[in-house]
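1. Here you go, sequence then predicted model.
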Amino acid sequence: MSHTLRKTVASFLDDAAVSTRKISDQLGHSKVSMTQDRYLGRRLTDRETANVLENLFDEGPGDEKRPESVP
């Protein structure tokens, strides 16, 4: 399996809330730390932050909206 496909599989499983141990087993890693370090990225955003960033590109010219501030 190519590295890109392995990363994609790991990402899909991680997004589906499959445990890191099970993802590690699927990829054939003997150490969970290998899976975490190489295949699973840090979760730097939450869904709210991702939505704001995604909406930045959905606005057309003249339709700019200021993102709502979040406490």
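-> Looks like it came in fine.
2. any low-confidence regions in the protein?
-> 1, 42-45, 59-71 (pLDDT under 70).
3. where exactly do the helices run in it?
-> In the chain, the segments counted as helices under DSSP state H are 3-15, 20-27, 32-38, 47-56.
4. can you list the ones you listed in CSV and add mean neighbour count?
-> Any C-beta I mention is one placed from the backbone N, CA and C, and that applies to glycine too. Below are the helices of the chain laid out as CSV (neighbours: other CB atoms under 10 Å):
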stretch, mean neighbour count
helix 3-15, 14
helix 20-27, 16
helix 32-38, 15
helix 47-56, 10
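5. now Thr49: how far from Ala10?
-> 22 Å (CB to CB, to the nearest Å).
6. same question, Lys31
-> In terms of CB to CB, Lys31 sits 14 Å off from Ala10.
7. Setting aside sequence neighbours, what's the nearest residue to Gly41?
-> Counting by CB to CB, 6 or more residues apart in numbering, Gly41 lies nearest to Ser11, which is 8.0 Å off, once chain neighbours are set aside.
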